[in-house]
Structure formats: C-alpha cells, structure tokens
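A.B. asks: I would like the atomic coordinates for the input below:
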Amino acid sequence: MNRRWKGDDAGAALPLVLILVTVVAVVLGALLSFADTGVRTTVNLRDQAAAAYTADGALQAGINAIRTSTFTGAAGEHCFGGSDTLVLPNFGGGGSAAVSCTADPAKVRIQCPSLSVCNRPGNAILTLGTGGEDGLNIQQPTGSSFRVHGIVYSNSNIRVVNGSLDTNTAVYARGACSGTISSTPAPSCGYGGSSLGADPGYTPALTSVPPRQALPPCTKAGSLVTFQPGLYDDAAGLSAMMSSSSRCKDSTFWFTPGTYYFDFRNSAAVRPPSLPGGDDVWTVDNGYLVAGTPVDGSKRVIAKPPVPAQIPGACDNPIDDPKASGVQFVFGGDSRLAVKAGQVEICGTYSADRPPVALYGLASGADTPVTATLVPTGTPGGTFTTAPAGSLSTVDGNLATWTNNAGGNQSAAVTATGYTPPAAIPAGSILKSAQVSVRHGNDSGSTQDNLTVQVTPAGGTTGDPYKVPSYSDNSLHTDLVDVTSAALSQQVYDGTFTGAQLSYTAALKHKGTEQVDALQLVLDYTPPALRAENGCTQLMYPSSAACALVTAVNNSGNRFYVQGTTYAPKAVLDVTLNNATEPIFRFGVVARSLWVKETGSVTFTGAVIEVPDDSPGFVFGVYLSAYVCPGAATCAPGGAPVARARVAYVDGDPTNPVAGARQVSVLSWSGNR
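C.D. replies: All right, here's what the predicted structure looks like:
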C-alpha cells in the first residue's frame, strides 16, 4: 500500500512543474515587453517635454517682443514690426520656433489710469455754473428718491424740492445745499474746491463745419427715414417731419453713425426762400429717433433699425460694447432739442481714452461774416460803343462809354460777366446783402436820366432792374445799389452761386456821353461756422426768456435716453421724468445747470443718471500660438501649435504707449500635449 501512494505522488508533481515554468515564462515575457515600452515612452516624453519647453520659451519671447514695442492692435499694425509672425531660428537647442499673433478684438470698457486719461467722466453730474441760477435743481413728489450712481458736483448750489437726492458715493457743492441728500460720505456743501469740479474740456468731434445735408424724403407713414452725418440748419423742417401731422408720422428716424452739427438758422432776420422762419427748436413730437448703430433685442448689430424701434435698446450702447460706433450730436448757436412726444435714443462711440460724448453743446466759436467784392472778366458787351477789356473791373479811369448824339429818349446798355467768388461759397451760407458798386457819370449830367442795373446769376433768371441815382454835374460818382433778391439768396444758400452777369442801362433825354468806370458786385454773407451756444441759452434759468439746450419729457409714451456722455458746459438741461425704465443719461452729465422734475409715480428703482464703475479689462490683447520645428534652422506656423496664450497689455496712456513700460497680464496659457 505504501508503494502505491508513492507512485501516485510522483505522477502528480509533473503537471505542477510544467504550470510553474509556463507562469514564469509569461511573467518574464511581460516584464521584458513593459521594459521596451517604457524605454520608448521615456524617449517620446523627453521629446514632448523639449518641445513644450521650447514652445513656452517662444511664447515668452513673443510676449516680451510686444511689451517692448508700441504695438496697440490698431488697424494696419502688425504685432512684430512688419509681420504677425516672430521667427526664432536655432531656438531651444536642436531646432527653431515661430510665434504667430492675432489681435484680440476685445478691449477694456472702462479704463481710468488717471483723471486726464479716462474714458468716462469723473462725475455722474457736474454743473459748472457759478451763480445766478441753481446748479442742480430737483423737483419731485414727497417721498420720491432721485437716484444717481457716481459723484455729484455743483460749482454753485444744490436744491432738492421734496423727496431726496441719493447717490452711492459723494456729493459736493461749492454753494449751499437744501433738501434731503443721502450720500457716502455725507454731502459736502460750501465745499472749498477740487479738481473734480473743473470743466473737463472735452473737444468736439468736429474741427470744421461739415457739408450741409438736405432733409431726407418724408413721404410714407411708418417708414424708415435715414439721415446722414453733416450740417442741419432747418429746425422747422425737422420738427415738421417728426410731428403727428407729418406725412411720415410713426416712422423710425435713423441717424447713421457719425457726427451731426445742428446750427439752426430759422430765426435769422434774412433767410433764403427755402428756409422757413421760426425759432431754432427741433421738436420731436412723434416717431422713433435712433442715433447710432442699430441692434436687436439681443444686442446684436443689425443692418437697419426696425419700424417701430424698440427704445431703449435700439442702438449699440458703448457701455456694453467696446466696438460701438455711434453718433455725436453737436449743437451750436441757440439751437435746441425738445422731446415732447415720441421716443429718442442717442448712442455715442466707444473710446479707450475719452468718454463717448453723444450730446455736445459748443462752448466756443462765432460767425465770421464775409464781404466779397466780385469783379468782371474779359471785355464788356452790350451797346456801349466803347468798352475796353477790363474797363469795368476796377476804378482806374479805364472807361466804358456811350455817346448820345441824337438827343431825347435814347438808351444803351453795357454788360459784364464773370463775378466769380474767390473761394466757393459753402452751402448753408446766409446772404445778408448783395450790392452793385457802380462808378459812373455823364459829361452833360441831368437828374432826369433813367439809370438802372440788373443782375443775372449764372444759371438763373434776370432780376428786376434797380434804379441808380443820376446827377446834374459832369463828375463820376460811386453808388451802392441794393440788388438782394430771392434767387440770388437761394443760390448762395444752396452753394451753387458761381458768378453772374451785370447790366448797366442808361436812358438819356439829352445829348451827352455816359461813362462807366467800374461795375462790381459786393456780396455780404455769413457762411456756416462752429458757434458757441448763445442767445436765450445763455440767460439765467428759468427766467421767462431763458431756454434749455435739451428739454425732454420721459413718461410711458415719451422716452429719451442718452447712451453716452452729455457735455454742454455753457447750457442748461431740463428733463421731466414720469416713467423711466432705465438710466436716461449714461456716462454722466456735464452742464452749466441741470433741472430735473419727477412727476407722478416713478417706479424705476435704479439710478436715473450714472457713470459706470471701472471694469476689469485691458487696453488691448493678443492671441499667441507657438510652433516648434525640431532639427530645422528656421520655422513657420503650420499644423497644430504646441502652445497657446492670451495676453493683455495695459498702457498708462493708450494713445501714446511707451515701449517697455506697459503692464502685461497673461489671461490664459495652454499646451497641445
């Protein structure tokens, strides 16, 4: 029995040995394969790490190259001098690299490195008048609150009639304060001074008067009426277009992006026939006025505003979009805007270094009247027997003559042409007077002679004859004869006056020689000019003769919003609120005086006037992509980049960057590993 069990144990051990040998072989094979893979992976990782280090170094080189340059991302600029690619040959050992650059379209919204370099005003409300009228006058029902976001500064006084003035920050007044004012810190009245109270002196978008624009066609109700930038001088025409009785009532009146100059001349004592008389107030009493780039309800730019426009929110707001292209409405003289019924939204243009001024009241400039003495050219014509070339251009004794040898009731005429203005008369010019200066006489003078002059503007019709005095002596006399006519006035206003023909006719009742030494045309006109606010806008408010630059009513049916800064240092703004749905003045108000009236129930709980706070952002940014070319002497962008970065740069003065002095912020950094 014992031998039988020994034989059985020996037979069982053999399979166990075979299994053990197989397991060991498999394990050894796996270990050898893993070791080979590990070696190959180590080599690959080492290559990837080298590429990553090279790419990181290349990005740093690109960042520094822009830091030490004056590149600002402006149109036409390249990130690296003349190219948007920075080539780094023999960079990083055993190869080369390249960095491509693309400007980031996003830019800072509100950037104020200093008071002098800031794209928003230092105050939500700044009034510059120093006496004789309230700087800030707020009238509202008891229990109401007029809310402001930003500093309030009056260079005179603040008067709050009922309710309260509430701001999230400080209130200053050089004069006294009356009524309830809530601010942090407590309001400072009788304040001694601060740079915050100085006129910021914003310059207008205009340096000269733009070309005059005719009013666009207005023929169909509920249509889109499109305006182009330029000079508009007819308040009566604008008001008629935007009235409830207009042929294009209930329309959307779209003022495309650009600068508009409103200098109304309806109150001028002398006007051309096409310019109706009246005051210089543009009244919006119907329709929807949209000024700037139109947007839809999602704030996406669209080709044109709808009819009706949805106000507010109809134009691209520079507080929301750093690419906003809007308008600047510039007012000169005693021109004013009154919003009575209808809806108005005016959007300014974003800038990185100055406020988006949407409404501008000129503080300087004046009319410059022109007196032009125009002379004929060539040889005079007509029935005068002697009329040498140039004989009528100047007083020089070179005479045009005609001798009446027959006696009673004989007549002759001399005509001259030319009279070209030395410079083109711009459209919109107001002709004050037109006179013919004639040097004439008769060697057998008589006060019974019938002498006349007539003017025919080039391209126009002959005007009435105007009588010239006759004299009994035989001397030469110089007379100024007024020949102002509707046709001549209209040509000057239209900018189409290019010259004229003048005729001098002598009807003699006696024998004698008629003599003409000079026949000149003297025009006295006033061309369009950038004019400081004047007239009633400069009277102390609210006297009976005073008027405000802007008078607006904002209620359930009437809406008035300025998405930008309002700057009128010499004028008054007068706004009545009943049902505002958002701030009516964005980016602050600077005026001589501000009057606000709240009537009825004001449900809007936000700030009615505000300046935005500083927002996180940057002056400009770039996207950088790094490419690595191992074993190559040079490198060009191609394929997938090894690393990417988004980098922001901030300059103390964005318009005058200093190479090497700009701040750098890496907004993102990623690798393709």
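A.B. asks: Test my guess that residue 404 contacts residue 509.
C.D. replies: No - the criterion here is Cβ atoms under 8 Å, and residue 404 misses it with residue 509 at 9.0 Å. Quick note: C-beta positions are derived from backbone N, CA and C, even for glycine.
A.B. asks: Comparing the two, which shows the higher neighbour count?
C.D. replies: When residue 404 is set against residue 509 and neighbours are counted by other Cβ atoms under 10 Å, the residue ahead is residue 404, at 22 against 14.
A.B. asks: Give me the phi and psi angles of that one.
C.D. replies: phi -90, psi 100 (degrees, to the nearest 10).
A.B. asks: OK, contacts around it?
C.D. replies: 410, 412, 508, 510, 511, 512, 513, 514 (Cβ atoms under 8 Å, 6 or more residues apart in numbering).
A.B. asks: Which ones among those residues map onto strands?
C.D. replies: Counting by DSSP state E, the members of the contacts of residue 404 that fall within strands are 410, 412, 508, 512, 513, 514.
A.B. asks: number of nearby residues for the fourth one?
C.D. replies: By other Cβ under 10 Å, 21 other residues sit near residue 512.
A.B. asks: Start the count at 742 instead of 1 going forward.
C.D. replies: Yep, numbering from 742; the last one is residue 1253 now.
A.B. asks: Mind listing the residues bridging to it?
C.D. replies: Taking DSSP bridges, one obtains residue 1145 as the residues bridged to residue 1253.
A.B. asks: Contacts only, for it.
C.D. replies: Residues near residue 1253 by Cβ under 8 Å, 6+ apart: 1144, 1145, 1183, 1184, 1185, 1186, 1187.
A.B. asks: want to throw these into TSV with distance to residue 992, secondary structure and pLDDT?
C.D. replies: Listed next are those as TSV, based on distance: Cβ to Cβ, whole Å; DSSP: H, G, I helix; E, B strand; the rest coil; pLDDT from 0 to 100:
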residue	distance to residue 992	secondary structure	pLDDT
1144	68	strand	94
1145	66	strand	93
1183	64	strand	96
1184	69	coil	94
1185	69	coil	92
1186	66	coil	89
1187	65	coil	91
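A.B. asks: Give me the buried entries from the residues you listed.
C.D. replies: 1144, 1145, 1183, 1186 (16 or more other Cβ atoms under 10 Å).
A.B. asks: can you list contacts of stretch 1404-1414?
C.D. replies: Residues outside stretch 1404-1414 that contact it (Cβ under 8 Å, 6+ apart) are 789, 793, 796-797, 800, 804, 808, 1359, 1362, 1381-1392.
A.B. asks: Can you tell me which of those residues are buried?
C.D. replies: Among the contacts of stretch 1404-1414, those classed as buried by 16+ other Cβ under 10 Å are 793, 796-797, 800, 804, 808, 1359, 1362, 1382-1392.
A.B. asks: Which of those residues fall within helices?
C.D. replies: Counted as lying in helices by DSSP state H, out of the buried ones among the contacts of stretch 1404-1414, are 793, 796, 797, 800, 804, 808.
A.B. asks: What is the burial count for residue 1158?
C.D. replies: 17.
A.B. asks: Quick one: residues contacting it.
C.D. replies: Residues counted as contacts of residue 1158 (Cβ under 8 Å, 6+ apart) are 1117, 1118, 1119, 1122, 1240, 1241, 1242.
A.B. asks: same question, residue 1070
C.D. replies: Shown in contact with residue 1070 (Cβ under 8 Å, 6+ apart): 996, 1001, 1003, 1032, 1078, 1087, 1099, 1100, 1101.
A.B. asks: and it, which of the three is it?
C.D. replies: Under the three-state scheme (DSSP: H, G, I helix; E, B strand; the rest coil), residue 1070 adopts strand.
A.B. asks: And the pLDDT for it?
C.D. replies: Note on residue 1070: pLDDT of 98.
A.B. asks: Now do residue 1131: how many residues are near it, please.
C.D. replies: Around residue 1131 there are 16 residues (other Cβ under 10 Å).
A.B. asks: Name the nearest residue to it, ignoring sequence neighbours.
C.D. replies: residue 1139 (6.4 Å; Cβ to Cβ, 6 or more residues apart in numbering).
A.B. asks: quick one: contacts for that neighbour?
C.D. replies: 1129, 1131, 1132, 1258.
A.B. asks: Same question for residue 1365.
C.D. replies: Contacts for residue 1365 (Cβ under 8 Å, 6+ apart) come out as 800, 803, 804, 840, 841, 842, 1385, 1386, 1387, 1388.
A.B. asks: ok, the closest residue to the fourth one other than its chain neighbours - contacts?
C.D. replies: In space, and not counting its chain neighbours, residue 840 is closest to residue 803: 3.7 Å by Cβ to Cβ, 6+ apart. Listed by Cβ under 8 Å, 6+ apart, the contact partners of residue 803 are 820, 821, 827, 840, 842, 1365, 1367.
A.B. asks: let's see it at 10 Å
C.D. replies: By Cβ atoms under 10 Å, 6 or more residues apart in numbering, the residues touching residue 803 are 820-821, 826-827, 829, 838-842, 1363, 1365-1367, 1386, 1388.
A.B. asks: Now do the strands in the stretch 1092-1241 of the chain.
C.D. replies: For the stretch 1092-1241 of the chain, applying DSSP state E, counting those that start in this stretch gives strands covering 1098-1102, 1111-1115, 1117-1123, 1141-1145, 1151-1159, 1171-1183, 1191-1198, 1207-1209, 1218-1223, 1241-1249.
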